[in-house]
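[1] predicted coordinates and the sequence they were generated for:
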There are 2 protein chains.
Amino acid sequence: MSTISTENYLKKIFNHNKAFGEKINAVKLAQELSVSNAAISDMAKKLSKHGLISYEKYKGIELTDKGEQMALNVIRRHRLWELFLIKVLDIPWSEVHEQAEVLEHHTSDKLIDRIDEFLGFPDFDPHGHPIPRKNGSLPDAQNYVTLAEAAEGSSYELMQVDDHEKKLISYLTKVGFVLNTRFVVIDKLDFDKSYTIKFNDTVLSVSQKISESLYLQEIIEAGEKND
Amino acid sequence: MSTISTENYLKKIFNHNKAFGEKINAVKLAQELSVSNAAISDMAKKLSKHGLISYEKYKGIELTDKGEQMALNVIRRHRLWELFLIKVLDIPWSEVHEQAEVLEHHTSDKLIDRIDEFLGFPDFDPHGHPIPRKNGSLPDAQNYVTLAEAAEGSSYELMQVDDHEKKLISYLTKVGFVLNTRFVVIDKLDFDKSYTIKFNDTVLSVSQKISESLYLQEIIEAGEKND
DNA sequence: ATATTTTTTTAAGTATGCTTGAATTCATAA
DNA sequence: TTATGAATTCAAGCATACTTAAAAAAATAT
């Protein structure tokens, strides 16, 4: 009971729960996976039968411990591959996600553990997301803020970008706004909730939508205090 | 029309032709792929329709140019992965084949070209087999002899081992008879066609069956001539 | 409480790639 | 030339994972 499809279902269920702190409902899951509601109904039955999810209809879908372990394993494979492809093979940031999306389903435990070791047992992937460990535990998530929550005048470092929008990452790379870039928030436009930021010699206007996908760490200047 | 199944069919058809210099017949192909004759019948129709093979019934199956290019591509991916897994990730020789057997079907051109470049565009895989190039050409095959053809008293270097028998490779590794080991043929036993060889401080008896899977290069001592 | 809307399930159908067993086609040996 | 056996194909069926359309069940609104 571990096919590409089931792994993708488990991953989505896990990620939704992680992001929103609540069970995903069936219709939402169908949308996320781009399949019909009937397909969810089918698959939910199978996953339940195998003890991977618990599903109360009209209430939502949740992973069991067993299902969660499987999801963490897929995510582990995905994130280790992403890091490996970028760090070792120097694959462009914008292409790494879709390659990993395939490889995550075709990598034995032995191979992924070797990759893990090769990389020095890293805690975070190139998007800043925590990499589940071999034993299923997760490194503490980093508490970044999004640009949408940033304060005018403050300095930040770009730590993480949602990785599901390939085009976003291509765009950011093109304009030179890559991971670990330090910048200042120059302006916050109430009119359209866009942000103007400055890094190196570039001034960039960032739309509201994009600002919600950029995760930052505030840079506290020497001399400042924050307690 | 490029699924895991079709890729495996094309690979088998190609390899048979390469090894025996003749078309593979349908019954043989069924045995090699561990499927029924009916399955071959089905698939042969599909592959023909897509212009990948030419099949005259009762005569055998042959790749078209298009089919051969696809086969070479799969083999390229397989052999590059094998080399990468051994050289970069230090995966045991005995496990590399089955990992590559999976990855060969799930690797984009971009990724495999990066791996190729990373390895310095190698000509041969860890078994000594030529790696098809990006343009579909094959490096000249090496003309090794098998141990079964070796001469008593002569010295050889182990260059290549048939990679489809995982257990053979495990065994050879265990006894220390690995790639590039140099040895002398001490004895050729007519009785069971076994060979006794000596490398480092080990004397090893090699059965006839195994001797046919070991590919060697003769070592011409300094001072000797061979013309 | 009833009507409406949303959610969920069922039913029938599709594609791939197999299976088995029966029928058919072809090659060849007597 | 015909019988035999081998090679090939057909027919029906299975599993996975979908689809659409219709039916049923539950939630929500009036």
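    Sure thing, it's come through.

[2] and the helix or strand hosting residue A:83, how far out from the chain middle?
    According to DSSP states H and E, residue A:83 maps onto helix A:65-87. For helix A:65-87, the separation from the chain centroid amounts to 11 Å (computed by CA atoms, centre = their mean, to the nearest Å).

[3] for residue B:110, see how far away the nearest residue to residue A:85 once chain neighbours are set aside is.
    Closest residue to residue A:85 apart from its sequence neighbours, by CB to CB, 6 or more residues apart in numbering or on different chains: residue A:91 at 4.2 Å. Where you see a C-beta, it was placed from the backbone N, CA and C, and this is true even at glycine. Per CB to CB, to the nearest Å, residue A:91 is found 8 Å from residue B:110.

[4] more crowded one of the two?
    Using other CB atoms under 10 Å in any protein chain shown as the criterion, residue A:91 and residue B:110 rank with residue A:91 on top: 20 against 12.

[5] can you pull the buried residues of the lowest-mean-pLDDT helix or strand in chain A?
    Counting by mean pLDDT, DSSP states H and E, the weakest-scoring helix or strand in chain A turns out to be helix A:166-174, with a mean of 85. Residues A:168, A:169, A:172 are the ones in helix A:166-174 that count as buried (16 or more other CB atoms under 10 Å in any protein chain shown).

[6] for stretch A:5-22, same thing?
    A:6, A:7, A:8, A:9, A:10, A:11, A:12, A:13, A:14, A:16, A:17.

[7] check which helix or strand covers the fourth one.
    Going back to what we said before, that points to residue A:9. Applying DSSP H and E, one finds residue A:9 within helix A:4-20.

[8] so that helix, near DNA strand D or not?
    Yes - Helix A:4-20 reaches DNA strand D (CB under 7 Å from any atom of the strand) through A:4, A:5, A:6, A:8.

[9] which ones are touching residue A:107?
    A:77, A:81, A:115 (CB atoms under 8 Å, 6 or more residues apart in numbering or on different chains).

[10] now do the SS call for it.
    Per DSSP: H, G, I helix; E, B strand; the rest coil, the local secondary structure of residue A:107 is coil.

[11] skip the chain neighbours and tell me the closest residue to residue A:142.
    Residue A:142 sits nearest to residue A:128 (CB to CB, 6+ apart), 6.3 Å away.

[12] could you measure from that neighbour over to residue A:176?
    To residue A:176, residue A:128 is 19 Å away according to CB to CB.

[13] looking at these two, which has the bigger crowd around it?
    Using other CB under 10 Å as the criterion, residue A:128 and residue A:176 rank with residue A:128 on top: 18 against 12.

[14] check contacts around that one.
    When contacts are counted by CB under 8 Å, 6+ apart, residue A:128 touches A:142, A:144, A:159, A:160, A:161, A:179, A:215.

[15] any regions of chain A where pLDDT drops low?
    Residue ranges of chain A with pLDDT under 70: A:163-164, A:221-227.

[16] domains in it, by residue range?
    A:4-63, A:74-141, A:145-218 (automatic domain parsing).

[17] near DNA strand C, which residues of chain A are found?
    Going by CB under 7 Å from any atom of the strand, the residues of chain A near DNA strand C are A:25, A:26, A:27, A:37, A:38, A:40, A:41, A:42, A:44, A:57, A:58, A:59.

[18] pretty sure the first one is touching residue A:57, no?
    No - Residue A:25 lies out of contact with residue A:57 (CB atoms under 8 Å); the separation is 9.7 Å.

[19] ok, the two, which is more surrounded?
    Neighbour count, other CB under 10 Å: between residue A:25 and residue A:57, residue A:25 has more, with 15 against 10.

[20] for that one, which non-adjacent residue is spatially closest?
    Leaving aside its sequence neighbours, residue A:25 sits nearest to residue A:60 (CB to CB, 6+ apart; 4.7 Å).

[21] go on, residue A:196?
    With sequence-adjacent residues excluded and distances taken as CB to CB, 6+ apart, residue A:196 is closest to residue A:187, at 4.0 Å.

[22] count the residues that sit near that neighbour.
    Neighbour count for residue A:187, taken as other CB under 10 Å: 13.

[23] part of a helix, is it?
    No - assigned with three-state DSSP, residue A:187 falls outside any helix and is strand.

[24] what's near enough to touch the residue lying closest to residue A:14 once chain neighbours are set aside?
    Nearest non-adjacent residue to residue A:14, counting by CB to CB, 6+ apart: residue A:71, 3.8 Å away. Residues in contact with residue A:71, defined by CB under 8 Å, 6+ apart, are A:10, A:11, A:13, A:14, A:63.

[25] phi and psi next, for the residue nearest to residue A:142.
    Here is the backbone geometry of residue A:128 (degrees, to the nearest 10): phi 90, psi 10.

[26] ok, the one 4 residues further on next?
    Dihedral pair for residue A:132: phi -60, psi 140, per degrees, to the nearest 10.

[27] that one and residue A:76, how far apart?
    Residue A:132 is 4 Å from residue A:76, where distance means CB to CB.

[28] again, but for residue A:145
    Distance, residue A:145 to residue A:76, by CB to CB: 26 Å.

[29] more neighbours, those two?
    Comparing residue A:145 with residue A:76 by other CB under 10 Å, the one with more neighbours is residue A:76, at 24 against 16.

[30] isn't that one up against residue A:131?
    Yes - applying CB under 8 Å, one finds residue A:76 in contact with residue A:131, separated by 6.1 Å.

[31] joint contacts of those two?
    With contacts defined as CB under 8 Å, 6+ apart, no residue is shared by residue A:76 and residue A:131.

[32] ok, back up a step: wait, what's in contact with the residue nearest to residue A:196?
    A:152, A:195, A:196.

[33] are any of those residues buried, and which?
    Buried among these (16+ other CB under 10 Å): residue A:195.

[34] possible to save the contacts of residue A:187 as JSON lines with distance to residue B:120 and secondary structure?
    JSON lines is the format used below for these (distance: CB to CB, whole Å; DSSP: H, G, I helix; E, B strand; the rest coil):
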{"residue": "A:152", "distance to residue B:120": "51", "secondary structure": "coil"}
{"residue": "A:195", "distance to residue B:120": "45", "secondary structure": "strand"}
{"residue": "A:196", "distance to residue B:120": "46", "secondary structure": "strand"}
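
[35] having no further points to raise, I will conclude here.
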